[in-house]
Every structure is written in C-alpha cells, then in structure tokens.
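K.L.:
Output the structure for:
(chains A and B)
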Amino acid sequence: MSKWFVYGIHIGGWDLKATDPVQFHRGWPGVGFTHSLLYGVVIAFLFWRLLGSKTWAVSFLIGQWAHAITDTGDTVGTMLFFPWTIHIHFGAWAYAGQTGRMTDAAAYFSGPGAVWDLVWIVYGIFSWRVLTRSYFERHVYAADAFWSRANRFIPLAALLVAYRAAFFYGTTRWIAWSLWAHVVHHYPYDISWGGPHWVPAAHSPSLTWLQLVGVGAIVGAGVAIVVVSRHEFGRRSWAAIRSRT
Amino acid sequence: MPSSSQLTVAAGYVAAGAVYVALGVWYTDFLFSFFVGLGYLLLVAWLVPLCVRRIF
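P.N.:
Numbers count the residues shown, from 1 in each chain, chains lettered A, B, ... in the order given. Purely as a prediction, here's the structure:
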C-alpha cells in the first residue's frame, strides 16, 4: 500500500515521492510500523470487533505477520518489535526500493528473494488440492460467511475464480518478472547471500549485543507464553472432560 | 493424482496464465496490481466462457 510513495508517481504536473524512501517505507518516523507484529495484532483486533469475524482477524494476522517476518530477510529488515525501533534483518537479499520500481523488480527477481518466492510457488503446486472446486466448497465457502453473502450477487463459479486468483497472480507475476529481467533485459542472476550485489542496496546497522539480548528476551517470553498457555489449556480441557464423566 | 476434468480446468488456467505473462512482459504496469490480475482472471476464466456458452 505504501510502495507507490516509495517508488514515486507522476500525476499531472506533480511528482510525488518520499524524500527518503527507505526511511518512509521501513522506518520511524515513517510507515515502517505497518511491518511490525503489534500492527498485525491491532488491525486483527479491529477486524474481529468491528467486522465481527474471527476468521478475517486470524487470516489477517497470519498474512501480516508472514509479510513482516519475510521482509526481515532483506538488508533493511523490519521494526518487528515496534515501538522498539531497531530493524531485525537477516540480509539474505538486497533491499532496493529506493532505486525505483523497475530496478527494484529486476534486483528482487535476480536474487535470493526470487528463490524464496519460488519455494512458495512449488509448495502451492504440491498443495494443488486446495485449489479444487470441492475443497473450496467444503472448507473455504463453509468456513467464512463472506462467500455465502457474496454468492447472493455473484455466481459460485466467479467466486471460485476469485479464490484461485491469489495463487494465479503470485505465480504468473513471478514468471513474467523473471522473463522481463532475464530474457528481455539480461540482468545477471546473483543468488549469493545479500544479492544481487550489482544493485546499490540499502542497509540497516547491525544489532549490538545488548539489542540481541533484548530480542532474545522478547522471543523467549513469547515462546514461554505459548508453551504455558497450551499447557494450562490442556489441563483445563482434561478437567472439563473429567467433570463430565 | 488429479482427475482428467481437474487437469482440463488446470490447462485452462495455464493458458490464461501464459497470456497474462505475455501481456505483463510487454507492458509491466499490468503486473503491479493484484486487482488487475483478479479482473483479468475473472474476464478470461469466467465471463468469456460464460458468454461463449450462452451464445453457442
């Protein structure tokens, strides 16, 4: 949603572009907080309370967390633990948003990021059953009231096509950008760590030892909460079963 | 393994995908928005086949 201002657009006589695209996209001040775990929780909570749908809330949370965590793979990373504004980054592929959308696309589809996308495409192909009509009708349509409401105005066949569109779009754009970058324009592949190195990548500073300890403490606390709550939930479930028998 | 009817459906999507890729490589603005992809797929995988069935 914020990428248009990162790349810049030309409307009439106006050129709209962030003066510091990296800071705007991933930093604070900026809209970098949209790539944090807390932002996912807040928006999911709003989906749940305002739209009354737990399915949409949980789906948004999974998707937004997957996005925020995946973007830690590049050389800038994300403020995953916002309001703590350090950038968690693994530096696996080059962040090149500041170079403009065409160079950014060429770089992304030439480096480890493209390989990472390909992993998910292959995983999707192996999971082909989730794209069948029977799976959609039995599991997706039945689980989310959105589909039955939409079906009052839109035929089921069109809804099925819309459901399949996400996988269709993800796969075809990967193929199209790869052909554009490597067949039409001959950008070199460089899938080494941090690549492609032919693009001037933006970088976040490495974390200090103290910051690493802080991150470890947050992750450890999160894991502990999950383990303890599962343990307690299990005990309560057994107590409920025993009380019934 | 997928049934023959499922493979026929998949072949239709592959053909639609090949056209989308060709259009996208030629005019990259076509690749930037999911909603453009959604509109294209609804057109070629639902609306056009529906119209063809109605006409013939």
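K.L.:
Show me which residues of chain B sit near chain A.
P.N.:
Neighbours of chain A within chain B, by Cβ under 8 Å from any Cβ of the partner chain: B:2, B:6, B:9-10, B:13, B:16-17, B:20-21, B:24-25, B:28, B:31-32, B:34, B:37-38, B:41-42, B:45-47, B:50. Every C-beta, even on glycine, is put in place using the N, C-alpha and C of the backbone.
K.L.:
what about 7 Å?
P.N.:
Applying Cβ under 7 Å from any Cβ of the partner chain, one finds that chain B approaches chain A through B:2, B:6, B:13, B:17, B:20-21, B:24-25, B:28, B:31, B:34, B:37-38, B:41-42, B:45-46.
K.L.:
Restricted to buried residues, select those in ChimeraX.
P.N.:
Buried subset of the residues of chain B next to chain A, written as a ChimeraX selection, criterion 16 or more other Cβ atoms under 10 Å in any protein chain shown:
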select /B:6,13,17,20,21,24,25,28,31,37,38,41,42,45,46
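K.L.:
mind listing the helices in chain B by residue range?
P.N.:
For chain B, helices defined by DSSP state H occupy the ranges B:4-26, B:34-42, B:48-55.
K.L.:
want to throw those helices into a markdown table with mean pLDDT and distance to A:Pro21?
P.N.:
Formatted as a markdown table, these follow (pLDDT from 0 to 100; distance: least, Cβ to Cβ, whole Å):
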| stretch | mean pLDDT | distance to A:Pro21 |
| --- | --- | --- |
| helix B:4-26 | 96 | 24 |
| helix B:34-42 | 96 | 22 |
| helix B:48-55 | 92 | 40 |
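K.L.:
Skip the chain neighbours and tell me the closest residue to A:Gly195.
P.N.:
A:Gly111 (4.3 Å; Cβ to Cβ, 6 or more residues apart in numbering or on different chains).
K.L.:
pretty sure the one you found contacts A:Pro196?
P.N.:
Yes: taking Cβ atoms under 7 Å as the definition, A:Gly111 is a contact partner of A:Pro196 at 4.5 Å.
K.L.:
what touches both of those two?
P.N.:
A:Ala94, A:Asp190 (Cβ atoms under 7 Å, 6 or more residues apart in numbering or on different chains).
K.L.:
Chain A: helices as residue ranges?
P.N.:
Assigned by DSSP H, the helices in chain A fall at A:3-7, A:21-26, A:37-51, A:54-70, A:101-108, A:112-126, A:133-135, A:141-143, A:145-150, A:156-179, A:209-244.
K.L.:
Out of those, which gets nearest to A:Tyr189?
P.N.:
Ranking the helices of chain A by their distance to A:Tyr189 (criterion: Cβ to Cβ) puts helix A:112-126 first, at 8.4 Å.
K.L.:
What helices and strands are in contact with the closest one?
P.N.:
helix A:156-179 (3 or more Cβ pairs under 7 Å, 6 or more residues apart in numbering or on different chains; DSSP states H and E).
K.L.:
For the helix it packs on, list the C-alpha coordinates in CSV.
P.N.:
What follows is helix A:156-179, C-alpha atoms only, in CSV (Å, rounded to 0.1, in the frame of the first residue of the first chain):
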residue,chain,number,x,y,z
LEU,A,156,-20.3,-19.5,-7.3
ALA,A,157,-18.2,-20.1,-10.5
ALA,A,158,-17.0,-16.5,-10.3
LEU,A,159,-16.2,-16.7,-6.6
LEU,A,160,-14.1,-19.8,-7.3
VAL,A,161,-12.1,-18.0,-9.9
ALA,A,162,-11.6,-15.1,-7.4
TYR,A,163,-10.4,-17.6,-4.8
ARG,A,164,-7.9,-19.0,-7.2
ALA,A,165,-6.7,-15.6,-8.3
ALA,A,166,-4.2,-15.2,-5.4
PHE,A,167,-2.2,-18.2,-6.4
PHE,A,168,-2.6,-17.4,-10.1
TYR,A,169,-1.3,-13.8,-9.6
GLY,A,170,1.6,-14.8,-7.4
THR,A,171,2.8,-17.5,-9.8
THR,A,172,2.3,-15.6,-13.1
ARG,A,173,3.9,-12.4,-11.9
TRP,A,174,6.9,-14.3,-10.7
ILE,A,175,7.3,-15.9,-14.2
ALA,A,176,6.6,-12.6,-16.0
TRP,A,177,9.1,-10.5,-13.9
SER,A,178,11.7,-13.3,-14.3
LEU,A,179,11.3,-13.3,-18.1
